[in-house]
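Participant: pasted the sequence and its predicted model underneath.
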Amino acid sequence: MSDIEHRTPAAPAPLDWEYAPAPEARDIVSFRERYGLYIGGEVVEPRSGEWFTTSSPADESPLAEVAQAGGEDVDLAVGAARAAYADGWSSLRPAERAKYLFRIARILQERARELAVAESLDGGKPIKESRDVDLPLAAAHFFYHAGWADKLEYAFPSRTPRPLGVAAQIIPWNFPLLMLAWKVAPALACGNTVVLKPAETTPLTALMFADVCRQAELPAGVVNIVTGDGSTGAELVRHDGIDKLAFTGSTDVGKAIQRELAGRGIPITLELGGKAANIVFDDCALDQAVEGIVNGIYFNQGHVCCAGSRLLVQESIAEPLIGKLKRRLQTLRVGDPLDKNTDVGAINSRAQLDKIRELVASGEADGAEIYQPPCVLPERGYWFAPTVFTNVAQSSRIATEEIFGPVLSVLTFRTPDEAVEKANNTPYGLSAGVWTEKGSRILWMASRLRAGVVWANTFNRFDPASPFGGYKESGFGREGGRHGLEAYLRFDE
Ligand code: NAI
Ligand code: MG
């Protein structure tokens, strides 16, 4: 018997392979015990006198105390932003404004590792993603908008672009620093000042960003950061000193904000939920599609507004595709967000975990078939295994509601017309994916899908030059590109 033959039976099957731990250094970031509010260029104690703790969802350990801003605090922040606007920021030579944005972009790059670790600690996302996606894209947004700051007349020829004033910006917890960049960079490039409210479970990178602003010597009051929960956000929306409101978060809160602002003449950008269709035709490259499906729904634990949470697969290839998908799921590594090998990290909060569990239970009760790969979830913290539902009814809640977790619902179709009809059969319209080898079919589909972004043979690709936003209950207004600039300008014509 040859040596090889002799050894073959004992060789481990691929699923038995173990990855050695590859932990990112935790000590590159040291949080302060307490973070005050960033108002008028200073870190100040909250007038409210209230604080809350932000913790790591991976093990529930507390990370820092953060101020819970009240009405008086929000008022001070808006006042500081107003003063900075009037005191020079809005009339600063645009090329000078650009310099600050370039500086911020470079500092984000320099401090990328520290910020990535902080992001993964506070929010639970894998370090691989905060390092390779969130941080590079956040810096790219500042670079991109720095480039526009002194070219606005060229972006809008024969119109006269002017800043709006004080921009109130409320962001969610799924991409904390990246959403900050999406909001702050265009606002500043256009000559506005900002009051930003980060989400209550992930305030730390925004507070570190306050330090980045100081490092960049950004004039005091141009960026103000008020931490707190939804009540702080509501105070900001209600404040009569704001000139613009930009919100990313749930559709319910988006609707409440729109009601609150009705009749006040304040321009609004709302980027809300989604239930995107990822549509796979029988002529596509199957293995590539499987990677795209995995990236579409398990990236960032599925806490992604444009996640490909509904897989529409052509009936003729449903069986092989689902087989491949299940096998691929078995190779996903769920666990410590700070391990460089981790693919799926922690669920952001207990509340979000409860929501995912409730919707998954409803899917099972509706008779859908559930598949989860064998994986050992850590005992402490908030975790949910990557999940696929097959035999999903169109009317089932798991096919219609945003789960915002690592849960995929599979539906089938026979013809392109049926694919379009099913894809558009949702109150949302943020994104969609199409997998096919035919360029003509991509264009045919893209012109019929009611979604702000349509990806072809890829998914979850972002670029600061490309406008992003939705239809219907996914909100309105665009972020990124020239369209995104327009949301922070008025035109005296
Ligand atoms: P949320 O909409 O309550 O939170 C987003 C931000 O809005 C946070 O900063 C929050 O403090 C603030 N906020 C809450 N209530 C407010 C109010 N009345 N006025 C002003 N600001 C307010 O989202 P939540 O509760 O954390 O998540 C619930 C669901 O929303 C998720 O399960 C998911 O389906 C969806 N969601 C969608 C996001 C997206 O990117 N489109 C992001 C976050 C959540
Ligand atoms: Mg946290």
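Facilitator: Nice, I can see it. Remember, it's a predicted structure, so these values are computed and weren't measured experimentally. Residues are numbered from 1 along each chain as shown. Ligands and ions are numbered 1, 2, ... in the order given.
Participant: show me what contacts the residue of the stretch 251-400 of the chain found nearest ligand 1?
Facilitator: Of all residues in the stretch 251-400 of the chain, the one sitting closest to ligand 1 is Cys305 (3.1 Å; CB to the nearest ligand atom). For the C-beta atoms, the positions are set from N, CA and C on the backbone; glycine is no exception. By CB atoms under 8 Å, 6 or more residues apart in numbering, the contact set of Cys305 is Asn174, Thr248, Glu271, Leu272, Gly273, Gly274, Glu402, Leu430, Ser474.
Participant: could I get these as a markdown table with pLDDT, secondary structure and distance to ligand 2?
Facilitator: Shown next, in a markdown table, are the contacts of Cys305 (pLDDT from 0 to 100; DSSP: H, G, I helix; E, B strand; the rest coil; distance: CB to the ion, whole Å):
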| residue | pLDDT | secondary structure | distance to ligand 2 |
| --- | --- | --- | --- |
| Asn174 | 98 | coil | 12 |
| Thr248 | 98 | strand | 17 |
| Glu271 | 97 | strand | 21 |
| Leu272 | 97 | coil | 22 |
| Gly273 | 94 | coil | 21 |
| Gly274 | 97 | coil | 23 |
| Glu402 | 98 | coil | 21 |
| Leu430 | 97 | coil | 25 |
| Ser474 | 96 | helix | 26 |
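Participant: now a ChimeraX select for only the buried ones of those.
Facilitator: Listed next is the ChimeraX selection for buried residues among these, using 16 or more other CB atoms under 10 Å:
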select :174,248,271,272,273,274,402,430,474
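Participant: name the SS class of the residue of the stretch 251-400 of the chain closest to ligand 1, please.
Facilitator: Under the three-state scheme (DSSP: H, G, I helix; E, B strand; the rest coil), Cys305 adopts coil.
Participant: what sits closest to it if chain neighbours are left out?
Facilitator: Gly274 (4.8 Å; CB to CB, 6 or more residues apart in numbering).
Participant: from memory that neighbour sits against Leu430, does it?
Facilitator: Yes - under the criterion of CB atoms under 8 Å, Gly274 makes contact with Leu430 at 3.5 Å.
Participant: hey, what's in contact with both of those two?
Facilitator: Cys305, Cys306, Gly470, Ser474.
Participant: just for this structure, where's the confidence low?
Facilitator: Along the chain, the parts satisfying pLDDT under 70 run over 1-17, 493.
Participant: residue numbers of it in contact with ligand 2?
Facilitator: Those residues of the chain that sit near ligand 2, judged by CB under 5 Å from the ion, are Thr54, Asp122, Thr201.
Participant: picking that back up, now do the contacts for the residue nearest to Cys305.
Facilitator: By CB under 8 Å, 6+ apart, the contact list for Gly274 reads Cys305, Cys306, Ala307, Ser309, Glu402, Tyr428, Gly429, Leu430, Ser431, Gly470, Ser474.
Participant: so it versus Arg47, what's the distance?
Facilitator: Separation of Gly274 from Arg47 (CB to CB, to the nearest Å): 37 Å.
Participant: for Tyr298, same thing?
Facilitator: 43 Å.
Participant: swap in Ala146?
Facilitator: Ala146 is 34 Å from Arg47, by CB to CB.
Participant: when the two are compared, which one has more neighbours?
Facilitator: With neighbours defined as other CB atoms under 10 Å, Ala146 and Arg47 compare such that Ala146 has more, 22 against 16.
Participant: which of the helices or strands spans that one?
Facilitator: Using DSSP states H and E, the element containing Ala146 is helix 135-148.
Participant: so which bits of the very next helix or strand once past that helix are buried?
Facilitator: Using DSSP H and E, the helix or strand that follows helix 135-148 in sequence is helix 152-155. Judged by neighbour count (16+ other CB under 10 Å), helix 152-155 contains these buried residues: Leu152.
Participant: also stretch 384-399?
Facilitator: Neighbour-count burial for stretch 384-399 [16+ other CB under 10 Å]: Phe384, Ala385, Pro386, Thr387, Val388, Phe389, Thr390, Val392, Ser396, Arg397, Ile398, Ala399.
Participant: and the last one, which helix or strand is it part of?
Facilitator: Looking back up the chat, that one is Ala399. Going by DSSP H and E, Ala399 is in helix 397-400.
Participant: returning to that earlier point: wait, which of the contacts of Gly274 is closest to Gly335?
Facilitator: Relative to Gly335, the closest of those is Ala307; by CB to CB it sits at 20.6 Å.
Participant: quick check: closest non-adjacent residue to the closest one.
Facilitator: Ile297 (5.4 Å).
Participant: isn't there a helix covering the one you found?
Facilitator: Yes - counting by three-state DSSP, Ile297 is part of a helix.
Participant: okay, now it: neighbour count?
Facilitator: Look at Ile297: counted by other CB under 10 Å, it has 29 neighbours.
Participant: from Arg310, how far off is it?
Facilitator: 9 Å.
Participant: just the closest residue of the stretch 351-493 of the chain to ligand 2, please.
Facilitator: Residue nearest to ligand 2 within the stretch 351-493 of the chain (CB to the ion): Tyr382, separated by 10.6 Å.
Participant: what strand or helix carries that residue?
Facilitator: Using DSSP H and E, Tyr382 falls outside every helix and strand.
Participant: right, and it touches Gln352 too?
Facilitator: Yes - the pair Tyr382 / Gln352 is scored as a contact, 7.4 Å apart, by CB under 8 Å.
Participant: contacting residues around Leu121?
Facilitator: With CB under 8 Å, 6+ apart, Leu121 has these contacts: Arg26, Val29, Ser56, Ala58, Leu63, Leu204, Pro337, Leu338.
Participant: likewise for Ala220?
Facilitator: Gly40, Gly41, Glu42, Ala80, Ala84.
Participant: okay, and which of those map to helices?
Facilitator: Among the contacts of Ala220, DSSP state H puts Ala80, Ala84 in helices.
Participant: next, format the contacts of Ala220 as CSV and append neighbour count and distance to Ala181.
Facilitator: Compiled in CSV, those are given as follows (neighbours: other CB atoms under 10 Å; distance: CB to CB, whole Å):
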residue, neighbour count, distance to Ala181
Gly40, 17, 22
Gly41, 19, 20
Glu42, 14, 23
Ala80, 24, 21
Ala84, 23, 19
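Participant: widest-spaced pair of the contacts of Ala220?
Facilitator: The distance between the two most remote of the contacts of Ala220 (CB to CB) is 12.4 Å, for Glu42 and Ala84.
Participant: run through the residues of the stretch 351-493 of the chain sitting next to ligand 1.
Facilitator: Residues of the stretch 351-493 of the chain lying near ligand 1 by CB under 6 Å from any ligand atom: Gln352, Lys355, Glu402, Phe404.
Participant: kind regards, and thank you for your time.
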